[in-house]
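K.L.:
Starting from these lines, generate the structure:
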Amino acid sequence: MRQRPADEFSDPSADDDGAPGSASAAFGRSDRRNEPDAWTEELDGADPDDTDPDPASTPSPRRRRRRLLLATGGLAVLIAATGILLHAQERERRTPEAAVLDYVQLIESGDVEAATDLVPVLGYPADPELEESAAPTIDDTDRRPPVVPLERLENPALLTNAFYADNPGITDVTVERAEDQTDDPGVGESVEVAVSYSVDDGAANAVLRVEREPDSILGLPVWRVEDALTVPLVVTLPDGGLGSAYVGGTRVAVSGERGVPLYSSMVYPGVYTVSFDGGSYLAAGDVERRIASPPPGVDPATAYIAASLSVVPTSAANDAILQEVMSFLGRCGTTAQGLDLCPEPYRSGRATGDVATVSLSEGPSTFGVYSYWTGDETVQMISGSMEGSVTFPGEDGPVTEPFSLMYDFAIDDVEPRAQIRSYEPDL
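P.N.:
Numbers count the residues shown, from 1 in each chain. Sure, this is the predicted structure:
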C-alpha cells in the first residue's frame, strides 16, 4: 500500500512560515494564531497600527463603566454626607439666641434700617406738630397719676442709618437664654433671650421675646424676634406749646410737664443731644441723654427716658418787656385812659409825665412761661413782675415812691404785646 506524504500544515518542524515552498507561502497567508484579530482590536479601542507591546493593559469598556459608576457613587455619598452634616450644623445654629444676636448686631454695626425691617418698631406715626395741639393737662390742684399713659410714636427720621451714625451707639453685645425658659418650644410659643450691651461705657440689659415659627421647607427651625430694642424718649417742656424740640437735629413731638398723655419718640440705644427752638424770645439749654433699656425690675411697658428742657426768656424778650413797661408808664403820666391800672402816684395825680422820673430795677423777674390755644393758634406767654420807683415834686421837696408791676407778655415776632398792671405787695 502506498503511503501518503506528510502534510506540511501539520509538520511540527516547519519553523519558517514564509519560507519558499511552504504551504503558507504558497497560499500567501501568514500564521497569526498568536495575534488578536483586527476587529477585536478595534472594539477594544486599540489602533491596529499601535505598537504597544501589551494590548491587554488597555481597560475594556465594561471595566471603564464599572470604575465610572464606583466614582460617581462615591461622590454622591460624599455629597449626601456633607449635606447631612451641614444641615445638622445649620439646625444647631438656628436658635433663639442666634436670631437675637443677628438682630442686635445689625444695630451694633449701624444698620438700623435693616434692623427695623427685621423687627418693626411699634408706635403710632409721629407728628412733630403735636406740641401745637390742645393736649389735655392736669390742673394745679390735681396730682399726676402714678402711671401716665405713654403714647409711643414712630418717627422714621430717627430710625435711619445716617441719623444713628451721628450718635454713639451700642457695643459689646452678648446674648443668652433667659432663665426658666423651655428648651424646645412648640410652633407659636415664645422664649425670652437676655441681651447685654454697652452705651457710652455703661452696661445695659434687655429681654427680648422670640417666637417659634413653622420650620422652613428644608426642615430648619425659624425664629422671629418680637420685641424691638428701641427705647421711648420723652421730651418735656414747661408747656407743650412753647416751641419745637429736636433730638440729634431731628424734630420730635414734645409733652408739657403736666400734659397727659406723654408723647415719646422711639430711638435705638445711644447718646443723643436734645435741643430747643423757641424763636427770638424763648430759649433752653441743650440736654444730653444716654438712652438704654430700663434696668431690671422696671416695667418696660411704662418705662421711658425723660429729657426736660427749662425754657426761659431771652435777652431780646427782656428788652421787649422793658420797652412795653416804659410805654405803659409813659401813658400813665399823660392820659387818664387805663389809669386804674397805673401805680398809685399816677392814679392820685401826684405824678405826671412832665415832672415824674421813673427808675426801674435791673430787669424783669419772670415767674411763668406758658401757652394757650385760642382755637385758631397757639399763643405763647411770659408772665412776670418788675420793681421800680417814681420820683415827683412834693410840698417839702422831691418824693420817691416804689411801685410793683405785673405783666403778661404775648410773644409775637412781628408785633409783641403786653398787658401790664400795678399791684400793691403790702395789701
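K.L.:
partners of the helix or strand hosting residue 276 in the sheet?
P.N.:
Applying DSSP states H and E as the criterion places residue 276 in strand 270-277. Note on strand 270-277: by DSSP bridges, its sheet partners are strand 244-247 (antiparallel), strand 287-291 (antiparallel).
K.L.:
which outside residues touch the helix or strand following the first one?
P.N.:
So that's strand 244-247. Where DSSP H and E defines the elements, the next helix or strand beyond strand 244-247 is strand 250-252. For strand 250-252, the surrounding residues in contact (Cβ atoms under 8 Å, 6 or more residues apart in numbering) are 126, 128, 153, 155, 157-158, 163, 233, 235, 244-246, 265. No exception for glycine: its C-beta is placed from N, CA and C like everyone else's.
K.L.:
Is it possible to get CSV of those that adds distance to residue 60 and pLDDT?
P.N.:
Output for the contacts of strand 250-252, formatted as CSV (distance: Cβ to Cβ, whole Å; pLDDT from 0 to 100):
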residue, distance to residue 60, pLDDT
126, 80, 62
128, 85, 51
153, 81, 84
155, 79, 89
157, 77, 92
158, 77, 93
163, 74, 95
233, 82, 94
235, 88, 93
244, 91, 91
245, 89, 93
246, 86, 95
265, 81, 91
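K.L.:
Could you turn the buried ones of those into a PyMOL selection?
P.N.:
Here is the PyMOL command that selects the buried residues among those (16 or more other Cβ atoms under 10 Å):
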select buried, resi 126+128+153+155+157+158+163+233+235+244+245+246+265
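K.L.:
Which of the contacts of strand 250-252 sits closest to residue 410?
P.N.:
residue 244 (18.8 Å; Cβ to Cβ).
K.L.:
returning to that earlier point: quick one: closest of the strands paired with strand 270-277 to residue 346.
P.N.:
Residue 346 lies closest to strand 244-247 among those, at 41.1 Å (Cβ to Cβ).
K.L.:
Where does the prediction get shaky in this protein?
P.N.:
Applying pLDDT under 70 to the chain flags residues 1-59, 63-67, 69-71, 73-94, 126-148, 218-219, 259, 336-338, 425-427.
K.L.:
that older thread, as a markdown table, the strands paired with strand 270-277 with distance to residue 386 would be great.
P.N.:
Shown next, in a markdown table, are these (distance: least, Cβ to Cβ, whole Å):
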| stretch | distance to residue 386 |
| --- | --- |
| strand 244-247 | 29 |
| strand 287-291 | 30 |
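K.L.:
circling back: now, the most widely separated pair of the contacts of strand 250-252?
P.N.:
163 and 244 (17.0 Å).
K.L.:
Outline the domain layout of the chain.
P.N.:
96-312, 315-423 (automatic domain parsing).
K.L.:
Out of those, which is the most enclosed?
P.N.:
domain 96-312 (a mean of 17; mean count of other Cβ atoms under 10 Å).
K.L.:
that older thread, kindly reformat the domains of the chain as TSV containing distance to residue 72.
P.N.:
TSV is the format used below for the domains of the chain (distance: least, Cβ to Cβ, whole Å):
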stretch	distance to residue 72
domain 96-312	25
domain 315-423	81
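K.L.:
returning to that earlier point: among the contacts of strand 250-252, which are in strands?
P.N.:
Secondary structure from DSSP state E places 153, 233, 235, 244, 245, 246, 265 of those in strands.
K.L.:
Restrict the strand holding residue 276 to CA atoms and write it as CSV.
P.N.:
These are the backbone C-alpha positions of strand 270-277, laid out as CSV (Å, rounded to 0.1, in the frame of the first residue of the first chain):
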residue,chain,number,x,y,z
GLY,A,270,-27.2,105.6,72.1
VAL,A,271,-26.2,109.1,73.3
TYR,A,272,-28.3,111.9,71.9
THR,A,273,-28.4,115.7,72.3
VAL,A,274,-31.9,117.3,72.8
SER,A,275,-32.2,120.9,71.8
PHE,A,276,-34.9,123.5,71.7
ASP,A,277,-36.0,126.2,69.3
